[in-house]
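sequence plus predicted model, see below.
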Amino acid sequence: MEAIEELSELSKSMRQAAAVLANEDVDETSSSSSKRSSTFLNVVALGNVGVGKSAVLNSLIGHPVLPTGENGATRAPIIIDLARDTSLSTKSIILQIDNKSQQVSASSLRHSLQDRLSKGSSGRSRDEIYLRLRTSTAPPLKLIDLPGLEQRIVDDSLLSEYVECNDAILLVIVPAAQAPEISSSRALRIAKEYDSEGTRTVGIFSKIDQAASDSKALAAVQALLLNQGPPKTSDIPWVALIGQSVSIASTQSGGVSSDNSLEMAWRAESESLKSILTGSPQNKLGRVALVDALAGQIRNRMKLRLPNLLSGLQGKSQIVQDELVRLGEQMVSTAEGTRAVALELCREFEDKFLQHVTGGEGNGWKIVASFEGSFPNRIKELPLDRHFDINNVKRIVLEADGYQPYLISPEKGLRSLIRGVLELAKEPSRLCVDEVHRVLLDIVSAAANATPGLGRYAPFKREVVAIASAALDGFKNEAKKMVVALVDMERAFVPPQHFIRLVQRRMERQRREEEVKNRSSKKALDAEQSILNRATSPQTGGQQSESMKSMKDKSSKQEKDAQEGSALKTAGPAGEITAGFLLKKSGKTNGWSRRWFVLNEKTGKLGYTKKPEERHFRGVITLEECNIEEVADDEGGSSKSSKEKKANGRDSGKGPSLLFKITSRVPYKTVFKAHSAVLLKAESIADKAEWLEKLRNVVESKGGQVKSESGPPMRHSLSDGSLDTMTRRPADSEEELRWMFQEVRGYVEAVLNSLAANVPKAVVLCQVERAKEDMLIQLYSSVSAISNGRIEELLMEDQNVKQRRERYQKQSSLLSKLTRQLSIHDNRAAAASSWSDSSATESSPRASGPA
């Protein structure tokens, strides 16, 4: 009986555990708090009509409560929910109806049940009869007495309603006289159908006394008790009963020692069974053996369920603990404690905010994306072409101080042009500040939402966000002033060296043009004078004719070079690809190699191959960081000796140089491969002029220079090179202005690139860094300055949060208690199982030894 009591407590704990896992409200102080009913303690009686089912259940109850009879007294399911009360006498029966208790006798209950069953004598009533009894003799079980299996109301639906419960114990009741035909028992077949492994089935042989003279039946009963029956019965524990002990005790209860009559009757039943079933195991005879068998099967079922329940409880405990951590501890009621909680929440917010900003969590990456993407793109999209349109440049220069070609430089107008273009950079800078400000506001909001403590106090959370946002607004205004000041610094001061370079380049351009003109005219005069000198000098006829022929050939070649155009080829939609042969000086052999060069003005790259039909370049020069220099023939290393030059005449080897050199803007860098300079030679003056023009356009658009043979930067000039001529002689004003604003545009683009690099630095300094330090300092100081009353209002906890915390605290306490209880039972079951296994191992050799 004590084993059943212990299992009852375990069943209650398991029922509460299942309710907790199902998120049901459970009161750990109440035994009936869970809405779930335990099926571990359900015992369902299965058997044919007249096999003694009700008598067996009466034996478990300890009182003849259920009607019995040979012709099937049970015509409807009867459920008796038993509770043991040791304070009652063995004769007392308490009937509980709703919340009321009433003491009744066994005979009155039996007669009442007979009356109710007689009303359904047609055999068609399926309404169950439910009784809740409290006695000192019954184990705490729920007994279910079903009608005989032959009756019409017992169909599959009724059986599944009571038998299909996974943990209900099935009592297969068979009269002892039918033990030889046990394999054909319908009750056993139904039990096997629902419990194939036999883990929740107990077999009972009833009416042993009526089969005392049937040796065959007794032999079958003994074999089954020894687990030597048919295979389908070997995994089921069997118990033998007489079944009339309760009735006998009831008739004898009028004696003086009536309280002990029940124990005496059970003891007498056990003795009778021993005398009838000699040689049978004594632990399988009588009512006590039945209670022990039920306890064993109930324990087996619970042992199967315990590991899963414990695992579920551990997982649930972790969830509850995480939720309690998220909800936080209960607020301290004192003013000092409330302020300490507020400052602690500020520290938690600070940690989350810094994680988002410095660690890139949340929207922190958008700050870098703004610096690397949005802001540089806005700078590149400024309408420079519209502002540097020739008509707009003329208008700005004329509005400033007028443009006169004979002046050195219209500096005031160009300064006005620079200031107007740089003014455009203010708006992208302000937009960058606004974009970073929005990102920081999003980070503040995300950090507040990610702070668990602030989630409990919505008013305080709003206050923290408001303080942080106000600080960020101030940083935004300061950052805008800073970036505008950066732009104004560039607008206010243009280095004078820039305008000096404008003058130098203009003078060099004019000087170069005059040199080209003078060289051409001088060359023609020298050629004419040479012809006249040779014609008048005394020579033999052959020498004179040969000299005249040579002079004619040279003259015709010079005229041909002057008249023939360039041999270069162009391609591409806008003619941006130029190709032709150039001689490249080798660094190893110091000789010249004829190579096919291809220039792509769009990409700014010059590549070469050995032949035009080759598909892959042997070398590529990136012109973005290069300068172009013209060099004289002497620097290139002429292949003719001085004697040959003297024999051919004084000026015969000296003409316009076909050489030019590509060098790097940075002295220590190479142009390509390991070469710091590449020396090239055109095949004609026209080719050289076109190559230089194409290369000049590419190099100067990237900020490079084209230098003449004398060294300084040069461009085409319209003067003779003297300062007096440049300042006094008129020139093409529009051409001069175009050269100048191109130089100005290069300067403006360099300044914009500098702003694209410096504005993000100012934004980081004024917004991001101050948000990481000054904003948090303002937050702490502002919270510290709030009055105690206001702090208490802000930290007023939401009632829903409070209720949830209390609920989770109760669940945590209950989970700890249930886990502890179930773990103890699980450990006991494991120890008992290992002990039984070791006992069986030790006994097996002794059992086989004597044989």
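Yep, it's here.

which residues touch K366?
435, 439, 442 (C-beta atoms under 8 Å, 6 or more residues apart in numbering). No exception for glycine: its C-beta is placed from N, CA and C like everyone else's.

just the closest of those to A579, please.
Relative to A579, the closest of these is E435; by C-beta to C-beta it sits at 46.2 Å.

what's the helix or strand for that closest one?
helix 426-450 (DSSP states H and E).

next SSE downstream of the worst-scoring helix or strand of the chain on mean pLDDT?
Scoring the helices and strands of the chain by mean pLDDT, DSSP states H and E places helix 723-728 at the bottom, with a mean of 37. Later in the chain than helix 723-728, the nearest helix or strand by DSSP H and E is helix 733-763.

distance between the following helix or strand past that following helix and the chain's centre?
Using DSSP H and E, the helix or strand that follows helix 733-763 in sequence is helix 769-772. On the basis of C-alpha atoms, centre = their mean, to the nearest Å, helix 769-772 sits 28 Å off its chain's mean C-alpha point.

please apply the same query to stretch 747-757.
On C-alpha atoms, centre = their mean, the centre of stretch 747-757 falls 40 Å from that of its chain.

looking at this, T137 is in a strand?
No: counting by DSSP: H, G, I helix; E, B strand; the rest coil, T137 is not part of a strand but coil.

just checking, what packs against the helix holding E435?
Helix 426-450 sits against helix 335-358, helix 365-369, helix 375-380, helix 458-492, helix 733-763, with contacts defined as 3 or more C-beta pairs under 8 Å, 6 or more residues apart in numbering; DSSP states H and E.

flag every buried residue along it.
426, 428-430, 432-433, 435-437, 439-441, 443-448, 450 (16 or more other C-beta atoms under 10 Å).

what's downstream of it, the next helix or strand?
Downstream of helix 426-450 (by DSSP H and E), the next one is helix 452-456.

that next one - what's its average pLDDT?
For helix 452-456, the mean per-residue pLDDT is 76.

elements contacting it?
helix 287-327, helix 335-358, helix 458-492.

between helix 733-763 and the last one, find me the angle.
What that stands for is helix 458-492. Here the directions of helix 458-492 and helix 733-763 differ by 150 degrees (axes from the mean of the first three to the mean of the last three C-alpha atoms, to 10 degrees).

next one: the first one
Orientation of helix 287-327 against helix 733-763 (the same axes, to 10 degrees) gives an angle of 130 degrees.

and helix 287-327, average pLDDT?
pLDDT averaged over helix 287-327 gives 80.

next one: the shortest one
Mean pLDDT, helix 335-358: 83.

so what touches that helix?
331-332, 361-364, 367, 440, 443-444, 446-448, 450-454, 457, 460, 464, 468, 768, 771-772, 776, 779-780, 783-784, 786, 788, 791-792, 794-795.

neighbouring strands for the helix or strand I80 falls within, and are they parallel or not?
I80 belongs to strand 78-84 when assigned by DSSP H and E. Partners of strand 78-84 in the sheet, by DSSP bridges, are strand 129-135 (parallel), strand 142-145 (antiparallel).

could I get the CA-only coordinates of the first one as CSV?
Once non-C-alpha atoms are left out, strand 129-135 reads as follows in CSV (Å, rounded to 0.1, in the frame of the first residue of the first chain):
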residue,chain,number,x,y,z
ILE,A,129,-21.4,6.3,-13.4
TYR,A,130,-18.8,8.3,-11.5
LEU,A,131,-18.1,8.0,-7.7
ARG,A,132,-15.5,9.6,-5.6
LEU,A,133,-14.8,7.7,-2.4
ARG,A,134,-12.4,8.3,0.5
THR,A,135,-11.5,5.2,2.7
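
how distant is it from the center of its chain?
58 Å.

quick one: buried residues of that strand?
129, 131-135.

now tabulate those in a markdown table and tack on pLDDT and distance to E181.
Formatted as a markdown table, the buried residues of strand 129-135 follow (pLDDT from 0 to 100; distance: C-beta to C-beta, whole Å):
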| residue | pLDDT | distance to E181 |
| --- | --- | --- |
| I129 | 87 | 32 |
| L131 | 88 | 34 |
| R132 | 88 | 38 |
| L133 | 89 | 36 |
| R134 | 86 | 40 |
| T135 | 88 | 36 |
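
ok, those residues vs E693, which is closest?
R132 (112.2 Å).

isn't that closest one right next to I94, touching?
No: assessed by C-beta atoms under 8 Å, R132 is found out of contact with I94, at 9.1 Å.

for I173, find the nearest of the helices and strands packed on helix 452-456.
helix 287-327 (10.8 Å).

neighbours around A223, how many?
By other C-beta atoms under 10 Å, 18 other residues sit near A223.

assumed it was part of a helix.
Yes: judged by three-state DSSP, A223 forms part of a helix.

distance of the spatially closest residue to it that is not a sequence neighbour relative to R430?
Nearest in space to A223, with sequence neighbours left out and distances taken as C-beta to C-beta, 6 or more residues apart in numbering, is G229 at 5.2 Å. G229 sits 96 Å away from R430, going by C-beta to C-beta, to the nearest Å.

repeat for E806
Taking C-beta to C-beta, one finds E806 at 52 Å from R430.

again with T578
Distance of T578 to R430, given as C-beta to C-beta: 44 Å.

so L146 touches L46, yeah?
Yes: assessed by C-beta under 8 Å, L146 is found in contact with L46 at 6.6 Å.

which of these two has more neighbours?
Ranked by neighbour count (other C-beta under 10 Å), L146 and L46 place L46 first, with 29 against 26.

nearest spatial neighbour of that one, chain-adjacent residues omitted?
A187 (4.2 Å).

ok, now how distant is the residue lying closest to R299 once chain neighbours are set aside from E508?
Of all residues not flanking R299 in the chain, L7 sits nearest, at 6.2 Å (C-beta to C-beta, 6+ apart). Separation of L7 from E508 (C-beta to C-beta) stands at 110 Å.

ditto for T570
28 Å.

and the helices in the stretch 51-200 of the chain?
Using DSSP state H, counting those that start in this stretch, the helices of the stretch 51-200 of the chain run over residues 53-61, 106-119, 156-163, 186-194.

most packed of those helices?
Greatest average neighbour count among the helices of the stretch 51-200 of the chain goes to helix 53-61 (a mean of 26), per mean count of other C-beta atoms under 10 Å.

wait, which of the helices of the stretch 51-200 of the chain is closest to H675?
In terms of C-beta to C-beta, the element of these nearest to H675 is helix 186-194, at 94.1 Å.

which other helices and strands contact that closest one?
strand 42-46, helix 156-163, strand 169-175, strand 201-206.
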